[in-house]
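1. Whatever this is, show me its structure:
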Amino acid sequence: DASNPTMLRISIVRVTALRVGALRRHLSSSAEEVKPIKKILIANRGEIACRVARTAKRMGIKTVAVYSEADARSVHVKVCDEAVCVGPAASRESYLNVDNIIKAMHDTGAQAVHPGYGFLSENYHFVERLKKEGLIFIGPDAFAMHAMGDKIESKKLAIKAGVNTIPGFMGVLKDEAEAVKVAREIGYPVMIKASAGGGGKGMRIAWNDAEAAEGFRLSKAEAASSFGDDRCFVEKYLEQPRHIEIQIIADSHGNVVYLPERECSIQRRNQKVIEEAPSMCLDEALWRAMGEQAVQLAKAVQYKSAGTVEMMVDKHKKFYFLEMNTRLQVEHPVTEMVTGLDLVEIMLRVAAGEKLPVKQSDIKPKGWAFEARVYAEDPLRGFLPAIGNLQKYVIPEGKLAEEGEIIRVDTGVEEGSEISIHYDPMIAKLITYGPTRDKAAECMVRALDSFVIRGVGCNINFMRDVMVHPRFLSGNITTGFIPEEFPKGYHGHLLSSAESAELAAAAAIINIQFDQQCKILLPPEGSYIAGKPTVGRAALVSVIGEKSVVLEKDLIANIEGAGGAVHEKLNRNLHIKALRPRLGQVISTDFEVLVEGEPNPIHIYSPIPGQNNIIKLNIKVDGKETNESKNLRTIQIVSKFTQGLVLSLGGTFFKVTARTPYLESLHKYMPLPVEVDHSKELIAPMPGRLHSIAVKEGQKVVLGQELCIMEAMKMQNVLRAEKDAVVKKVVAKVGDTLAVDQSILQFE
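-> Predicted structure coming up:
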């Protein structure tokens, strides 16, 4: 889509002449084997459906979207050439409905289907059915998918292929008792995993017998809900591991190559949050050793198309096979950025019978890339899923990238889109590229700061704090990074002294600029009154006067949430001077602010906020550039309330007021809002379905005891007692769809 260069630039990113030449040679040499694909159906939704459609269109291939009744107005429906409704909102009746999807292919004349990831992407029964119907699956064949998709069988095959594997029990666990018995034999900690699992679902770490029993029960339930297969197994959990994966691509002519590694160690509940390529952990020798084992495994099952071999690397840099994902990965863009390859294009060409366009000797990573998964969830409430409509949605602009950098946004939503309880809560994938890791990281921070999302809570604040964390920047990361660095959960961005001063100054500047705008009644270009021309705003500068300072005030700024806790407050006293507007302007954009407690005044250039309410403060302290992002601080105006503003710095929202000392003295007489007391009830912390209730009326419960399980976005969430109590009333019923803060239980 040439009209939106920030969405996808794979087609123009660093494709070398060698690769182009290799592609032409392979196409000509295998022309007699090629079966041209002219139309594909994309059996998915959201960002991945849009991403596949863009590459297909660039290749001149017609596209067919499928959608559920809930997705009738979704973006992926609009970007495809045709669209077919395949059922109601429930996935099993629509996106997992094989009969309806195959019927849609026949009705539209689609020759092949691209499954994206999730849904039917690793369902070998679907692949077998397509073959019987004379249709093409854009991915591996059923044998390879079945062999690698089953985690138990894939480990057995990996051992036969000479691939390093993690010690564990290769059988299927029958019940909780067996899970505990096997875990003891292996030795804690262990990982309980669904055999057909993926995407962090159906996985639990257990450190003792109680956690092993509960982990088995929850993994089994999640696996049945998400994959229709509740088989679970257990293996040793490696301590201080790094999650490294090797992308392989293979054709039907026996060619297999491995690409630069991806690091996916930043995880929460075994679900990836931030990925990067390459990894600081690997040198070339280790990458090649891992890549060669990945190729051995792929050849053992005659694999073709794109696939990913996931491995764990321990602190001694020994690596072990984890699983193989027989599909396109969510994080595939970071590999595309550092290689210049379009993996979707290669999948389409391989499915048509073409040979790979590259050889192993061609593969050399260039630069560094990060991907941040933007989810609809609330990090301040334990990352609980969020739903709602995107009231405002503005992706970062490509011009934020500096020389040698690229910003890419893969998304399947737009302003007005609904984030519902039916599907994965991903809003977008934000990808940045730079010539070095530091440059790519800096680019990511700028992009996160400028990403505008309103109406639905999201995790941008958390991801930004990870991206600037000293340990993350050092590259010293493991899969335990999040629980180790945020052991008590995430409570928002903790403002530094300089940041709180800048936030206080921003609130004062916005108020002054707003007051100045209110006093301007003349249009910019001037007008005519009684046939005579009047002066316009631009000319008004000349009559303002000779003074360099047009306004100065003493103010007290109150910042709520400054201590990294939602209700913690901080006061900053400041003196602000608004300087005379620059030539051609009538609003002050230059300010001098002296904040009490800071040694030097802050000199700020602040243009009037644009239509997206983004302020970019150009800050200098005592004439020198300041803060970690050179001298630029990006702040978003989220909303205005009676006494102040809600400002977003680093993705975290802060309530900020800037009052004169007199008004501040009167504020203490204002009535405080009354908070609802939920101490005697259990309320739904997220929207979702009540999966089970573990207690009954009159039962005594103790601190930490399981009360119920809520299912949201296919994840099982255990709600526990926060104190000893007696259940007075069970308000909700199993199967109910609950809204946020809806009552489930009442206590005496």
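2. check contacts around residue 337.
-> For residue 337, the contact set (CB atoms under 8 Å, 6 or more residues apart in numbering) comprises 13, 277, 367, 369, 406, 408, 431, 433. The way it works is simple: take the backbone N, C-alpha and C, and place the C-beta from them, glycine included.
3. check which helix or strand covers the closest residue in space to residue 133 that isn't next to it in sequence.
-> Distance criterion CB to CB, 6 or more residues apart in numbering; nearest residue to residue 133, sequence neighbours excluded, is residue 102 at 5.8 Å. Residue 102 belongs to helix 98-108 when assigned by DSSP states H and E.
4. Each with direction, which strands does whatever helix or strand comes next after that helix pair with?
-> Going down the chain from helix 98-108, the next helix or strand is strand 112-114, by DSSP H and E. On the basis of DSSP bridges, the sheet neighbours of strand 112-114 come out as strand 39-42 (parallel), strand 136-137 (parallel).
5. tally of neighbours for the spatially closest residue to residue 68 that is not a sequence neighbour?
-> Spatial nearest neighbour of residue 68, chain neighbours left out: residue 94 (3.7 Å); criterion: CB to CB, 6+ apart. Each residue near residue 94 was counted by other CB atoms under 10 Å, and the total is 23.
6. Relative to residue 656, how far out is residue 94?
-> Applying CB to CB, to the nearest Å, the value for residue 94 to residue 656 is 45 Å.
7. Just give the number of residues close to residue 241.
-> By the measure other CB under 10 Å, the count of residues near residue 241 is 21.
8. contacting residues around the residue nearest to residue 133?
-> 129-130, 133, 135.
9. what about 10 Å?
-> Listed by CB atoms under 10 Å, 6 or more residues apart in numbering, the contact partners of residue 102 are 41, 43, 86, 110, 113, 126, 129-130, 132-133, 135.
10. Return the member of those residues nearest to residue 211.
-> residue 126 (35.0 Å; CB to CB).
11. Give the helix, strand or coil label for the closest one.
-> helix (DSSP: H, G, I helix; E, B strand; the rest coil).
12. Can you report phi and psi for residue 719?
-> When read as degrees, to the nearest 10, the backbone of residue 719 gives phi -100, psi 130.
13. my read: it touches residue 704, true?
-> No. When contacts are counted by CB atoms under 10 Å, residue 719 is not listed as touching residue 704 (11.2 Å).
14. Next one: residue 666 relative to residue 656, how far apart?
-> 18 Å.
15. So which of the two has more stuff around it?
-> Taking other CB under 10 Å, residue 666 and residue 656 do not tie; residue 656 has more neighbours (27 against 10).
16. Just the mean pLDDT for the stretch of helix or strand the more buried one belongs to, thanks.
-> Assigning secondary structure by DSSP H and E places residue 656 in strand 652-659. Mean per-residue pLDDT for strand 652-659: 92.
17. Give the residue spans of the stretch 401-550 of the chain that score low on pLDDT.
-> Along the stretch 401-550 of the chain, the parts satisfying pLDDT under 70 run over 520-547.
18. and if you look at the chain?
-> Applying pLDDT under 70 to the chain flags residues 1-33, 197-200, 520-547, 562-568, 622-631, 672-673, 675, 713-714.
19. Quick check: buried residues in the longest helix along it?
-> For the chain, the longest helix by residue count, based on DSSP state H, is helix 497-518. Residues of helix 497-518 classed as buried: 498-513, 516 (neighbour count, 16 or more other CB atoms under 10 Å).
20. So residue 295 sits against residue 309, correct?
-> Yes. Using CB under 10 Å, residue 295 is in contact with residue 309, at 8.8 Å.
21. Give me the common contacts of the two.
-> Contacts common to residue 295 and residue 309, judged by CB under 10 Å, 6+ apart, are 246, 248, 258, 303.
22. The residues you listed: which two are farthest apart?
-> Among the shared contacts of residue 295 and residue 309, the pair separated by the greatest distance (CB to CB) is 246 and 303, at 12.6 Å.
23. buried stuff in the following helix or strand past the strand holding residue 656?
-> Downstream of strand 652-659, the next assigned helix or strand under DSSP H and E is helix 661-667. Within helix 661-667, the residues scored as buried using 16+ other CB under 10 Å are residue 664.
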